[in-house]
Structures are given as structure tokens and as C-alpha cells.
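*Asks:* A structural model of the following input is requested.
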Amino acid sequence: MQSKKVLIPVALLLLIQLSVPMCYTFAQDNLVIDHETKERFKEHYGLDEPEFPSSKQQQNILLGGDFGFTPSGDAVVVELTILIRYPLIFISQQLVHSLKS
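*Replies:* Down below sits the predicted model:
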């Protein structure tokens, strides 16, 4: 009974964490700059329209990316052990780490 009281809020927090995109912005919703000002900014700052990556480049980004760290084999085993033995502690640690960054 006690584990259900803890598990349900943790699962809800996890679902909320996964459902909110990290980099969502509202910049394109209400664009209030007129076309002339936009063109003037482009000329003054040398801005160009972004080029969309090809499917091969997208595949390299998704599958061959640098994630900023290289976990050692020992660290992976420790994380998996914590996940298996203490899933609530592991989930709470991951939530805290994701909120820090």
C-alpha cells in the first residue's frame, strides 16, 4: 500500500517530465516584426535562412552524435544495479539531475 502511494506520484512526475519538450519556445507564435525590418536585420547582421539537413545528415546527428560523456563499463553496471534494486531511488535521482541541467 505504501509503495503505491510513492509510485503513483513518481510515475506522474516522470510522465510530466517526458511530455514537456526541453527547448520549446513561443518565438514563432506571434511574430510582430514586419518584412522590411526583418530584411534590414538580415542585411545588417549578415543573417541567412538556415539550411535543413539532408536525411543522411539527420541520421548521423541522431545515431552518431557526441553526447558529451563516455560512460565507463563500471558506471553503467552501477546504474543498472541501482535501477534494478532501487527503482524509485534511481527515478528520483534522474529527475533531480534533469532539473539541475
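
*Asks:* Can you pull out the low-pLDDT segments for the protein?
*Replies:* Along the chain, the parts satisfying pLDDT under 70 run over 1, 20-31, 53, 58-71, 101.

*Asks:* so what does the longest helix seen in it touch, helix or strand wise?
*Replies:* For the chain, the helix that runs over the most residues, judged by DSSP state H, is helix 2-19. For helix 2-19, the helices and strands in contact under the criterion 3 or more CB pairs under 8 Å, 6 or more residues apart in numbering; DSSP states H and E are helix 87-100. Using the backbone N, CA and C atoms, a C-beta is placed for each residue, glycine as well.

*Asks:* Give the buried residues for the next helix or strand after the longest helix of the chain.
*Replies:* Per DSSP states H and E, the first helix or strand lying C-terminal to helix 2-19 is helix 35-45. Of the residues in helix 35-45, none count as buried by neighbour count, 16 or more other CB atoms under 10 Å.

*Asks:* Which residues does helix 35-45 contact?
*Replies:* If you take CB atoms under 8 Å, 6 or more residues apart in numbering as the criterion, helix 35-45 is touched by Ile33, Leu47, Asp48.

*Asks:* Centre of the chain to it, how far?
*Replies:* With CA atoms, centre = their mean, to the nearest Å as the basis, helix 35-45 stands 32 Å off its chain's centre.

*Asks:* residues making contact with the longest helix of the chain?
*Replies:* The contact list for helix 2-19 (CB under 8 Å, 6+ apart) reads Leu88, Ile91, Ser92, Leu95, Ser98.

*Asks:* For PyMOL, what selects the buried ones among the residues you listed?
*Replies:* In PyMOL, this line selects whichever of the contacts of helix 2-19 come out buried by 16+ other CB under 10 Å:
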select buried, resi 91
